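>>> Could you look at this predicted model? Sequence included:
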Amino acid sequence: MTIKLKDNERIDDLLRNGYQIIQNRDGFCFGMDAVLLSGFANVKPGEKAVDLGTGTGIIPILLEAKNQGLHYTGLEIQEEVADMASRSVELNHLEDKISIVRGDIKEASRLFGAASFDVVTSNPPYMNDAHGLKNPDLPKAISRHEVLCTLQDVTREAAKLLRPGGRFYLVHRPHRLIEIITALKSVGMEPKRMKMVHPFVDKEANMVLIEAVRGGRSMIKVEAPVVVYKEPGVYTDEIYTIYGY
């Protein structure tokens, strides 16, 4: 299939199942956080999953490559970004497995219906008004800062979308961990697994991966941390495994 690329777009090899993804050189490209979330999340056979704020669709595409779920949906509010995600789905011939929907995270439960998914994932904007300056380039600002939705919006809609016992997988920043746990518990989701991510073994964590269960009991398992680099420019074996090398 021939997919037409727009100005400043490129096709990147995902090194999984021969899959590729369209990205814009001047836009917000996916990063390590999305890859780590796709490795941390688990979609079981027959389950349906939705990714809130999917961007270029990287998480649904990687989840489909690594799991045996029934269907994957990506929700994205930005028209041009959602269009890139849709063309990446077509590029990989995944139209029967992945749907890209343009819409607002704050309206997700209205769009899809309550208790309509087994799994929800999200790599949301990390920064609120108290953390950093907003990027003047709006698409990047939307990806990095809580311009169009807040952490509370994401957790509220995730809880509504999940069936009882359904799982929510989130990647975020450790400095907001107390806020994240409070937000999850306020909507009836109980954190069950947590894994810190360190850039180097002797550096403090700069990401946190969390699995929460709708209606789960109060008990959390803190798993061994992920270390990204052995040395500058060289990934650890765990990262190569997540990437599929």
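Done, it's in. Numbering: from 1, shown residues only.

>>> Pull out the buried residues from the helix or strand where Lys195 lies.
Element membership for Lys195, per DSSP states H and E: strand 189-198. Within strand 189-198, the residues scored as buried using 16 or more other CB atoms under 10 Å are 189-198. In short, each C-beta sits where N, CA and C put it, glycine included.

>>> which of those lies closest to Asp12?
Val197 (21.9 Å; CB to CB).

>>> residues contacting that closest one?
36, 205-209, 225-226, 228 (CB atoms under 8 Å, 6 or more residues apart in numbering).

>>> and the two most separated of the residues you listed?
Longest span within the contacts of Val197, CB to CB: Val208 and Val228, 13.4 Å.

>>> picking up where we left off before, the strand holding Lys195: partners in the sheet, and parallel or antiparallel?
strand 207-214 (antiparallel), strand 221-222 (parallel), strand 226-227 (parallel) (DSSP bridges).

>>> looking at the ones you listed, which is buried most?
strand 207-214 (a mean of 22; mean count of other CB atoms under 10 Å).

>>> what residue ranges in this protein are flagged as low confidence?
For the chain, the stretches flagged by pLDDT under 70 are 1, 126-148, 245.

>>> how does it look with 90?
Across the chain, the ranges flagged by pLDDT under 90 are 1-4, 7, 15-16, 25-31, 124-149, 240-245.

>>> ranges for the helices of it?
Along the chain, counting by DSSP state H, helices occupy 32-40, 58-66, 79-91, 108-112, 138-144, 151-161, 177-186, 237-243.

>>> name the helices or strands packed onto the last one?
Meaning helix 237-243. helix 32-40, strand 226-227 (3 or more CB pairs under 8 Å, 6 or more residues apart in numbering; DSSP states H and E).

>>> And it, what's buried?
Neighbour-count burial for helix 237-243 [16+ other CB under 10 Å]: 239, 242-243.

>>> Work out the gap between that helix and the centre of the chain.
18 Å (CA atoms, centre = their mean, to the nearest Å).

>>> Give me the residues contacting that helix.
With CB under 8 Å, 6+ apart, helix 237-243 has contacts from 15-16, 35-36, 38-39, 226-229, 235.

>>> Please identify which of the strands paired with strand 189-198 is closest to Leu162.
With distances scored as CB to CB, the stretch of the strands paired with strand 189-198 nearest to Leu162 is strand 207-214 (4.3 Å).

>>> so how far is that closest one off the chain centroid?
With CA atoms, centre = their mean, you get 11 Å for strand 207-214.
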